[in-house]
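**Student:** I'll drop the sequence and a predicted model, then ask my questions.
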Amino acid sequence: MAGIQKAKREEAARKLLEAAVACVAEQGIDALHVREIARRAGYSVGSVYKYYADLDDILIAVNTITLGRIKAVVGEAIIGKDDPMDRLKALARAYHSFALENRKLWEALFGHRLPDDRPIPEIHLKENAALLAVIGQSLLELSPKMSAEQLEARKRTCFAAVHGLVLINLENRFVGLSGEVFMREMDFLVERLATATV
């Protein structure tokens, strides 16, 4: 009996999270409401609160899923690439493609902010670290004399720079680039950041 109850709880948790992810993916962060999650999943509003304390809790779970998906996409993009610079360029391009194809989930990942007194859950931090580690591995191959402190700073700088370029591109800002020019300039940015002296 305990096994059946556990399975039911796990199924409910899975369905509720899937409903939350689908809601954000389709309509964005502002459309995420407990009542809508419950409706999509086929459960009561009270059931949502059995698994999540509030909307912040739900969004952390959704964003952790998104981080995992980004990590999978960029991981796949570098398969078979032996040259570290080629890998970094492929990572940047894969990140751009993910943002383009999953716009609302990507926006939620960077648009949601927890209250200052609430710590970010460990699982979310781990997914962040895993994504940066993929970048760091290639950077270290290019500059093996980098200290751990320098590597930590450089991989964060590389991510932030590519993210900013992608953000401006997707928002179609007046300084943004598009098409092949965008891709060429993103490669240029990656090359300069990855080979800059420390």
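**Tutor:** Cool, got the structure. Numbers count the residues shown, from 1 in each chain.

**Student:** Scan this structure for its longest helix.
**Tutor:** helix 2-27 (DSSP state H).

**Student:** For that helix, what is the distance to the chain centroid?
**Tutor:** In terms of CA atoms, centre = their mean, to the nearest Å, the centre of helix 2-27 is found 20 Å from the chain centre.

**Student:** sec struct for the residue nearest to Ile120 when sequence neighbours are not counted, please.
**Tutor:** Excluding its sequence neighbours, the residue lying closest to Ile120 (CB to CB, 6 or more residues apart in numbering) is Leu114, at 6.4 Å. (C-beta placed from N, C-alpha, C; glycine too.) On the three-state scheme (DSSP: H, G, I helix; E, B strand; the rest coil), Leu114 is labelled coil.

**Student:** Let me see the ranges of the helices in the protein.
**Tutor:** 2-27, 34-41, 45-51, 55-77, 84-101, 103-111, 122-142, 148-170, 179-195.

**Student:** can those helices go into a markdown table with extra columns for mean neighbour count and mean pLDDT?
**Tutor:** Output for these, formatted as a markdown table (neighbours: other CB atoms under 10 Å; pLDDT from 0 to 100):
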| stretch | mean neighbour count | mean pLDDT |
| --- | --- | --- |
| helix 2-27 | 15 | 88 |
| helix 34-41 | 18 | 94 |
| helix 45-51 | 15 | 91 |
| helix 55-77 | 19 | 93 |
| helix 84-101 | 19 | 96 |
| helix 103-111 | 18 | 94 |
| helix 122-142 | 17 | 90 |
| helix 148-170 | 16 | 93 |
| helix 179-195 | 14 | 91 |
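
**Student:** Just give me the residue closest to the centre of the protein.
**Tutor:** Residue closest to the average C-alpha location in the chain (CA atoms, centre = their mean): Leu67, at 3.2 Å.

**Student:** In contact with the nearest residue in space to it that is not next to it in sequence, which residues?
**Tutor:** Using CB to CB, 6+ apart and skipping the chain neighbours, the partner closest in space to Leu67 is Glu127 (3.8 Å). Contacts for Glu127 (CB atoms under 8 Å, 6 or more residues apart in numbering) come out as 64, 67-68, 71.

**Student:** mind checking how far Glu127 is from His33?
**Tutor:** Glu127 sits at a distance of 25 Å from His33 (criterion: CB to CB, to the nearest Å).

**Student:** ok, so what distance separates the residue nearest to Ala22 when sequence neighbours are not counted from Lys71?
**Tutor:** The shortest distance from Ala22 to any non-neighbouring residue, by CB to CB, 6+ apart, is to Arg40 (6.4 Å). Using CB to CB, one gets 26 Å for the distance from Arg40 to Lys71.
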